[in-house]
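Trainee: Curious how this folds, go ahead:
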Amino acid sequence: MIKLLLVDDSALMRRQLANVFQAEGDFEIRQARNGQEAVEENRAFEPDVVTLDINMPEMDGITALSLIMAERPVPVVMVSSLTEQGALATFEALNLGAVDYLAKPGGTISLSIEEISAELVAKVRAAAGARLKSRTARTVSNRLRQEQAKPAPRPLAVRRGVAGEGLVVIGVSTGGPRTLEDILPRLPADFPWPVLVSQHMPASFTLPFAQRMNGLCTLNVVEVARPMPVEPGTIYIGKGGADMVVGQRGGCLTVLSKPENHDFLWHPSVELLGRSVLEHCDPARVIGILLTGMGYDGADAFAEIKARGGRTIAESEESSVVFGMPAELIARGGASLVLHAEKIAAQVNTWAGR
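Mentor: Here you go, the predicted model:
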């Protein structure tokens, strides 16, 4: 049995969530009405995994999460609203140690839990077996100091063509936002290749996420909501609720946002992005990186990149929150290297000629 603590101030929401997991038959469930009760139940009930609302009376979810992670760390899945404010609070929660999140489809009190029930169960099951990452206050403080001290980006004309044309493609899901913070800020301002990131995320989350990463990175970080020429010195984040691909427009490599292709399970689809890269780029000039996440999205395309002369990295089990997508790439013989997340940026810098 998986011991699950459901935390939400809405009695309706708690009942709906409990019905979803009781139907599974292998969850032992306890409920809490606010953050204070969640902290107390984490001590008494000792759950294997927690679902945690953000906006609650007496003690909000962010405060409760910080206390839970300090006292008895446990995998937590945040259940938040689909607003920009909800996205920002979710990123803060991921920084505090939450392993994943799910956006409520209908606002704060959802009447359509069935729309997300399958995804919710899958995320909670994966979280129950997830590897918790430690992130101390000192680490966050150091990151903020790095942001304040970051050098001004060099002019594009100086960066262009330093090591010839190439492309970095990253696919990531569960645990991705925190993992990307271990990698992208370590790419220097004169990094010579563009970087495309397909992070499974709701549509309303990707712009706040790109803006957050832009504040942490020396490279420019943008959300791909319209066609954009692919240029060095830029990190492109695929827009949620859509797919990101590359194509040729006017003789220039261009990144595009397209409606979700329902032949693929996850979005923005890593597999679809990888296939478009194989179609329009020289694989020998491509670095493919598959990071933490459930499932197998991108594994086939990234294995093909390696088979056709490209270089690929699978995040190691040691640093993955969920060792799914990287394991699938390794199983296909598609990983040139298997690396801890904190070593990936250095390897990419070496391969890109810096």
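Trainee: Might you list the low-confidence residue ranges for the stretch 251-354 of the chain?
Mentor: Filtered on pLDDT under 70, the stretch 251-354 of the chain yields the residue ranges 354.
Trainee: what ranges do the strands span in it?
Mentor: Secondary structure of the stretch 251-354 of the chain by DSSP state E, counting those that start in this stretch: the strands cover 252-259, 286-290, 311-315, 337-339.
Trainee: Now distance to residue 21 too, for these, in TSV please.
Mentor: No exception for glycine: its C-beta is placed from N, CA and C like everyone else's. Formatted as TSV, the entries for those read as follows, by distance: least, C-beta to C-beta, whole Å:
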stretch	distance to residue 21
strand 252-259	32
strand 286-290	30
strand 311-315	29
strand 337-339	34
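Trainee: right, and those strands - which one's nearest residue 178?
Mentor: Of all those, it is strand 311-315 that lies closest to residue 178, at 12.1 Å by C-beta to C-beta.
Trainee: Quick one: list the elements packing against that closest one.
Mentor: strand 286-290, helix 299-307, helix 325-331, strand 337-339, helix 341-351 (3 or more C-beta pairs under 8 Å, 6 or more residues apart in numbering; DSSP states H and E).
Trainee: could those be laid out in JSON lines, adding mean neighbour count?
Mentor: Rendered in JSON lines, the data for those read as follows (neighbours: other C-beta atoms under 10 Å):
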{"stretch": "strand 286-290", "mean neighbour count": "28"}
{"stretch": "helix 299-307", "mean neighbour count": "22"}
{"stretch": "helix 325-331", "mean neighbour count": "23"}
{"stretch": "strand 337-339", "mean neighbour count": "17"}
{"stretch": "helix 341-351", "mean neighbour count": "17"}
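Trainee: closest one to residue 165 among the ones you listed?
Mentor: Closest approach to residue 165 among the helices and strands packed on strand 311-315 is made by strand 286-290 (10.3 Å; C-beta to C-beta).
Trainee: Show me what the closest one pairs with in its sheet, parallel or antiparallel.
Mentor: Within its sheet, strand 286-290 is paired with strand 167-172 (parallel), strand 311-315 (parallel), according to DSSP bridges.
Trainee: Quick one: mean pLDDT over the longest one.
Mentor: For strand 167-172, the mean per-residue pLDDT is 98.
Trainee: do stretch 96-108 as well
Mentor: If you average the pLDDT values across stretch 96-108, you get 78.
Trainee: just to revisit the earlier point, mind putting the helices and strands packed on strand 311-315 into CSV with distance to residue 255?
Mentor: Compiled in CSV, the helices and strands packed on strand 311-315 are given as follows (distance: least, C-beta to C-beta, whole Å):
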stretch, distance to residue 255
strand 286-290, 14
helix 299-307, 16
helix 325-331, 21
strand 337-339, 26
helix 341-351, 19
